[in-house]
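Enquirer: this is a predicted model, with the sequence first.
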Amino acid sequence: MTGPEEDESPVAGGRADPRGDPFLRTRFAVPARPATYLRRERLTRHLDQALTTPLTMVNGAAGAGKTLLVADWAARRGRLPVAWLTADAAGDGPGVFWAYLLRALRTAGVPLSAGIGAPAEASRVGPALLVRLAAELSGRERPVVVVLDEFDRVTAPEIAEQLEFVLRHAGPGLRLVLVTRTEPLLPLHRYRAAGELTEIRGAELAFTPHEAARLLDLHGLRLPPAAVRALVERTRGWAAGLRLCALAAGQSPDPELYLKEFEADRSTIADFLLAEVLKRQEAGTQELLLRVSVLDRFGPGLANAVTGRDDAEAALARLSRENAFVEHLGHGLYRLHPLFAEILRAHLRMRRPGAEPGLHRTAAAWLRRSGALAEALTHGAAAGDWEFTAGALIDDLAIGQFFTGPRSDTTAGLFAAMGRDGTGPAQELVRAAGRLARCDVDGALAHLRRARHDLAEHDGTADRAAARLSCALLEALAARLAGAPDRAEDAARTAEGLWDAVPEQLERHPEIPALLLDHLGSTRLWAGRFEEARAALSTVAECAPGAVTALVREDALARLALIDQLDGWPGRAERRAREALAETERFGLSPSAGAGVDRVVLAAVAVDRDEPGRARALLDASAESHPALRDPVLAACRALTTARLHLARGDPGAALRAVEEEVRADVASPWVQGETALVAAAAHLAGGRARTAAGLLARVPDDQVACAVEAARVQLAAGRAAAAVRLLDRVRPEGRAGPAVTVRAALVRARAADEAGDGAAARRLVGRALAEARRERLRRPFAEAGPWIRPYLRSEAPHRPAAGRPAPCFGPSRREPPPPVVEELSGRERDVLRRLALTMSTEEIAADLYVSVNTVKTHLKSVYRKLSVNRRNEAVRRARELDLL
Amino acid sequence: MRYEIRVEGHLSEALIEVFPELDHVTVPGQTLLFGYVVDEAHLYGLLARCQSLGLRILEMRQVPE
């Protein structure tokens, strides 16, 4: 599929679209002026002020001559770069809008660094991307002029807000010109009041009699001043009206008489004049104009396809030369003036009732043949021909667009109109994809079954490879969401057998193998086959970055981080999860479209480091992940981490409730079962139900090292020290797992030694645990160890040299893990804390927050209490450690 | 909600067809489009349709049921 997403290299300036799609290129082209264009100095001079104000708005009715005025002005800017973007008829979402705007800037030769990133999602754009863009623009020596034509088509209010943000922060580096029929949702009054707005409105755009006379002159019409004045009065100086008048009159034997008749006529101007101009064309040209009215942009090839003739090239060239309603966009492409396209469509409907769907179908087929899939899909949908539209998507292997890339919303939206009655494998596959994109596995499976059945019936033909591959991909996803490892492996094997049959499509769609491996890796992770999972996920993580694969890469990286975290390596897990989030950030994905697992991993790490506030926030953010990635792994990890957080906060009841509901899956996951039993056991233990806890341990498998260590811990806490040590001796976690596991193992052994009265051994073991924990900033294992550990932590200080040099970040004041924050700070308390960190006095804080000094003192007291500190600098330090600031 | 939209000029048959859900009467120099408007979205849609056809709206009002 063609789209802005495929281009994030900054060198793309000369090559607007990697696939050279001319339909898109025209959106960045400054429209050409017709030979009869009249330059009006008063308007050009006014428009020159656009260089001195951040915002310029040119508004007026359809056909008022806005676009040509700005285009003519922009084309003569010479040294200043002008980025031109014509808004899309379909109304872009913010993601697509900004992707195109970035591309327009690069096309205009504005060097933007690749670090700005690109939106990977249709409906949203990350704030960081806008910040980076504004920062780069503000650093420019000379401003860049950005013209947004047909801005009235941009209806999403967020886009206006985002533009306003970038405009405000780009300073003199950006001059924005909005060409629009309606007032944009920007705070115009503010710009106006500050003298920062250049405004050219309808009244100013209207032709004066003098100008009208010159325009008519360009059309070869010389009229007496009174006739011109009457004409201006009748058309109210409306540019399109005057132009059409000139055309219609120019073709009549007695122009003056004709215009008199026109003045007397009471029809609506545009329609009347257009009908007049149309009827003066020869029959073939009339038919051409009516038929191309269903197309946004077209070249001679497409125009010939919809007329069924072969003379469009000459006709279009002539029309664009002669009159204003066929505009040449460059690259051999044309479009109808929007006003006339609308009126021509009305005429088409009346003269050729029922012809529209057929024209859309013809256009769709032609566009499909010439490789413009996005446009083909749009016209296929407009024709209501779902067999064709679904077929085109499947044959192109573009099914991944339902799940990833900036077009995902557009694709899903397009097919939302598809009815339920169409049959055939392509439509069934599209339905299945739609269901899976909403995480509706059962619904999807029914459609997949039908698709598989259809595909089997047509077996033996090679051209079904794309459909079969799409089917395999969707089955892998369904298996992943259902937690069915065997089915995922089967689907992956089927897919691998089909790679060679569709080499071209795969080159266009790198997201297909990436999605497949991500599904496979995640299912293996569910099954507890960590090494195989790692192999599949690493391949995805290493694939070339790009907007279409951003989400998949993020997910794969996040799941690799999860494996590290489960293996007990919080530092590594954190690095990788951050890398995953950076991937999201770079491509401007929103949390609701992100993978989710990365945040859960960071939350788990935060729990281990005794930062419950952070953990809570991360868990909350992870709730809004992309629906197609909400598989059992994510659900189970969220539940487990939430439960651990509750345990850390001393609420075993809530912990039990968090893991109470079993995660739905076809096949149970051994490690999830184990971990769930352990968390439940720990909760029961904390609730004083040692027997119930011990009973749960029977369900914990030995082969998962982390589980075994947790089991030993529970055994020990339940008073079975010997059993705990035996278990550890059998499993030998040391060397098999990371510090988060081995530190806990050492503490289990230390407590066993302590209980056995071997203080020296316990001290040695605690010392070892501390040394290991320091590097990873692990605190939770000590906090959860219990009161027995305190003397060892205190007396460990003199032995510090023996325990190795402490890491710089882990100073002496932090050796004893401070108690965790058990109560969240209120919003007001945070406000006070933040001001405290700025070394403001109590009085200053009170004045700043408009409260009394006593109120501030009350807040301070509860801040101290919640953070377990006594002084303000301690409070600030502790708050920084806990990332509360 | 019933609405009445008064636009300048006489609408051709083709343009009338663009508003199939509305009735119309032609008065000297003007066309009156009227009928049932489902909701706000419909109302703004009608305005946009007028705008895209270059029609000049002289008056628009809600009329009693």
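Expert: That came through, no problem. Residues are numbered from 1 along each chain as shown, chains lettered A, B, ... in the order given.

Enquirer: so which strand or helix has A:E136?
Expert: In this structure, A:E136 sits in helix A:127-138 according to DSSP states H and E.

Enquirer: go through whichever helix in chain B runs longest and flag the buried ones.
Expert: Ranked by residue count and defined by DSSP state H, the top helix of chain B is helix B:40-52. Under the neighbour-count criterion of 16 or more other C-beta atoms under 10 Å in any protein chain shown, helix B:40-52 has B:L43, B:L46, B:R49, B:C50, B:Q51, B:S52 buried. All C-beta spots, glycine's among them, are computed from the backbone N, C-alpha and C.

Enquirer: repeat for stretch A:725-737
Expert: Those buried within stretch A:725-737 under the rule 16+ other C-beta under 10 Å are A:V725, A:L727, A:L728, A:V731, A:P733, A:A737.

Enquirer: now, which of those residues lie close to chain B?
Expert: Filtering the buried residues of stretch A:725-737 for neighbours of chain B using C-beta under 8 Å from any C-beta of the partner chain leaves an empty set.

Enquirer: strands along chain B, start to end?
Expert: Per DSSP state E, chain B has strands spanning B:2-8, B:23-27, B:30-36, B:57-63. These are given in chain order.

Enquirer: and chain B, which residues reach chain A?
Expert: Residues of chain B found near chain A (C-beta under 8 Å from any C-beta) are B:7-15, B:17-18, B:28-29, B:31, B:51-56.

Enquirer: what subset of the residues you listed is buried?
Expert: B:7-12, B:14-15, B:18, B:31, B:51-56.

Enquirer: for residue 65, give me the pLDDT.
Expert: No chain in the question, so chain A it is. If you check A:G65, the pLDDT there is 89.

Enquirer: let me rephrase: I mean chain B.
Expert: For B:E65, the model assigns a pLDDT of 78.

Enquirer: sorry, back to before: list just the nearest of the buried ones among the residues of chain B next to chain A to A:N304.
Expert: Closest approach between these and A:N304, by C-beta to C-beta: B:A14, at 25.2 Å.

Enquirer: got a list of what the closest one touches?
Expert: Contacts here follow C-beta atoms under 8 Å, 6 or more residues apart in numbering or on different chains; on that basis B:A14 touches A:D271, A:A275, A:I343, A:A346, A:H347, A:R349, A:M350, A:R351.

Enquirer: in helices only, show me those.
Expert: The helices, defined by DSSP H, take in A:D271, A:A275, A:I343, A:A346, A:H347, A:R349, A:M350, A:R351 from the contacts of B:A14.

Enquirer: quick one: buried ones out of the residues you listed?
Expert: Among the ones in helices among the contacts of B:A14, those scoring as buried are A:D271, A:A275, A:I343, A:A346, A:H347, A:R349, A:M350 (criterion: 16+ other C-beta under 10 Å).

Enquirer: which pair in those spans the largest distance?
Expert: A:A275 and A:R349 (14.2 Å).

Enquirer: which residues sit against stretch A:723-743?
Expert: A:564-565, A:567-570, A:572, A:608, A:702, A:705-706, A:708-709, A:711-713, A:715-716, A:745, A:748-749, A:752, A:769, A:772-773, A:775-776, A:778, A:781.

Enquirer: ditto for stretch A:204-212
Expert: Applying C-beta under 8 Å, 6+ apart, the contact partners of stretch A:204-212 are A:38, A:40, A:43, A:46, A:58, A:60, A:64-66, A:69, A:215, A:225, A:228-229, A:231-232, A:236-239, A:242.

Enquirer: what part of chain A, helix or strand, is modelled with the least confidence?
Expert: Among the helices and strands of chain A, helix A:22-25 carries the lowest confidence by mean pLDDT, DSSP states H and E, at a mean of 63.

Enquirer: what strand or helix carries A:V146?
Expert: Per DSSP H and E: strand A:144-149 holds A:V146.

Enquirer: what pairs with that strand, parallel or antiparallel?
Expert: Strand pairing for strand A:144-149, determined by DSSP bridges: strand A:82-86 (parallel), strand A:174-180 (parallel).

Enquirer: with mean neighbour count and distance to A:A617 added, can I get these in JSON lines?
Expert: Shown next, in JSON lines, are those (neighbours: other C-beta atoms under 10 Å in any protein chain shown; distance: least, C-beta to C-beta, whole Å):
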{"stretch": "strand A:82-86", "mean neighbour count": "24", "distance to A:A617": "37"}
{"stretch": "strand A:174-180", "mean neighbour count": "23", "distance to A:A617": "34"}
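
Enquirer: nearest to A:A246, out of those strands?
Expert: The closest of these to A:A246 is strand A:174-180. By C-beta to C-beta, the value is 23.4 Å.

Enquirer: can you list contacts of that closest one?
Expert: A:50-51, A:53-59, A:66-67, A:70, A:74, A:134, A:137-138, A:143-152, A:163, A:166-167, A:184, A:186.

Enquirer: make it 6 Å
Expert: The contact list for strand A:174-180, computed with C-beta atoms under 6 Å, 6 or more residues apart in numbering or on different chains, reads A:50-51, A:55-59, A:66-67, A:70, A:137, A:143, A:145-149, A:151-152, A:167, A:184.

Enquirer: which residues touch A:F402?
Expert: Contacts of A:F402 by C-beta under 6 Å, 6+ apart are A:T411, A:A433, A:A437.

Enquirer: let's go with 10 Å and repeat that
Expert: A:393, A:408-409, A:411-412, A:415, A:429-430, A:432-438, A:474, A:477, A:628 (C-beta atoms under 10 Å, 6 or more residues apart in numbering or on different chains).

Enquirer: so what's it closest to, chain neighbours aside?
Expert: Excluding the flanking residues, the one nearest A:F402 by C-beta to C-beta, 6 or more residues apart in numbering or on different chains is A:A433, at 4.1 Å.

Enquirer: what parts of chain A come near chain B?
Expert: A:61-64, A:152, A:155, A:181-182, A:236, A:238, A:240-241, A:265-275, A:338-351, A:353 (C-beta under 10 Å from any C-beta of the partner chain).

Enquirer: beta partners for the closest residue to B:P64 other than its chain neighbours?
Expert: Nearest residue to B:P64, sequence neighbours excluded (C-beta to C-beta, 6+ apart): B:R2, at 7.3 Å. B:R2 has these beta-bridge partners by DSSP bridges: B:Y36, B:V63.

Enquirer: give me the distance between B:R2 and B:L32.
Expert: 12 Å (C-beta to C-beta, to the nearest Å).

Enquirer: so which of these two has more stuff around it?
Expert: The neighbour comparison of B:R2 against B:L32 (other C-beta atoms under 10 Å in any protein chain shown) goes to B:L32, with 17 against 12.

Enquirer: ok, that one touching B:T26?
Expert: Yes - taking C-beta atoms under 10 Å as the definition, B:L32 is a contact partner of B:T26 at 7.7 Å.

Enquirer: what residues are shared contacts of these two?
Expert: Common contacts of B:L32 and B:T26, defined by C-beta under 10 Å, 6+ apart, comprise B:L11.

Enquirer: low-confidence stretches in the stretch 351-500 of chain A?
Expert: For the stretch 351-500 of chain A, applying pLDDT under 70 flags the ranges A:406-407, A:458-463.

Enquirer: need the helices for it, in chain order.
Expert: A:356-369, A:373-383, A:386-395, A:408-415, A:425-437, A:441-457, A:465-482, A:485-496 (DSSP state H, counting those that start in this stretch).

Enquirer: will you turn those helices into TSV that also has mean neighbour count?
Expert: Shown next, in TSV, are the helices of the stretch 351-500 of chain A (neighbours: other C-beta atoms under 10 Å in any protein chain shown):
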stretch	mean neighbour count
helix A:356-369	20
helix A:373-383	23
helix A:386-395	22
helix A:408-415	21
helix A:425-437	26
helix A:441-457	17
helix A:465-482	26
helix A:485-496	19
